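Asker: got a predicted model here, sequence first, then my questions.
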Amino acid sequence: MVLARFLPRDEQFFTHFNDAATNSLEMAKVLTEIIEFGPDTERKVRRLREFEHEGDDITHRIYQALNSTFVTPLDREDIRTLASALDDFVDGLEEVGKRLWLYRMGEPTESMRLFIRILVEQAQLLADNMPHLERPDKRAADLQRCILELHRLENEADEILNQVLAALYEGVSEVPQLVKAIRWGEIYHLVEEATDKGENIGHTLEGILSQYA
């Protein structure tokens, strides 16, 4: 396999990863719109589904490229893991929007706005820093800052979740209030799980970086 070092590498994977990160950012922005502008939510949820389908297509193209490429720019397993992690993040974003639509939650809580802000920041980090993956040896510092920030944001989401769950049933005395509190609790968990998936992308990037240390 020494010969492989001297063969041209197929760089299309970086384009696919950049596209996947940009796709997740567009989804996160739509989630913000869903939270802030209740009317027209169904149309926005359809847009989320379209972005999710685009994410699936990107993942499929990555797997197809792996099957037809002899020399890859990154370890094959790293490529698979990163593609899967990005796809999971996109799925998590869509699930949040879908649940908001199904439950018709109405006016968002301040905690929900904080959660969505975290998701947008995670997606923005990925969109801004994914291009650095093409030169991990030269842009290691940028990627490391991205990884640390993804981790910090996930910790912030954990703290918010703990706070909202502790107070979720305060003042609840009637069945409709209880149902609404239960549904908000479910959505809060989904959003926090989505931030976990954002952090998992950081873990994958960190594993890739470790090979260039």
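Answerer: Done, it's in.
Asker: going forward, measure contacts between C-alpha atoms and count neighbours the same way
Answerer: Will do.
Asker: residues in contact with stretch 93-106?
Answerer: 24, 27-28, 31, 34, 38, 41-42, 45, 48-49, 52, 180, 183-184, 187, 190-191, 194 (Cα atoms under 8 Å, 6 or more residues apart in numbering).
Asker: can you tell me the element the spatially closest residue to residue 157 that is not a sequence neighbour falls in?
Answerer: Once flanking residues are discounted, residue 157 sits nearest to residue 192: 6.0 Å by Cα to Cα, 6 or more residues apart in numbering. Here residue 192 sits within helix 175-210, counting by DSSP states H and E.
Asker: distance between that helix and the chain's centre?
Answerer: 10 Å (Cα atoms, centre = their mean, to the nearest Å).
Asker: start the count at 4, not 1, going forward
Answerer: Got it, first residue is 4 now, which makes that one helix 178-213.
Asker: what's it packed up against?
Answerer: Secondary-structure packing of helix 178-213 (3 or more Cα pairs under 8 Å, 6 or more residues apart in numbering; DSSP states H and E): helix 79-106, helix 113-132, helix 143-170.
Asker: pull out the buried members of the contacts of stretch 96-109.
Answerer: 27, 30-31, 34, 37, 41, 44, 48, 51-52, 55, 183, 186-187, 190, 193-194, 197 (16 or more other Cα atoms under 10 Å).
Asker: I'd like the average pLDDT over stretch 66-76.
Answerer: Averaging pLDDT along stretch 66-76 gives 88.
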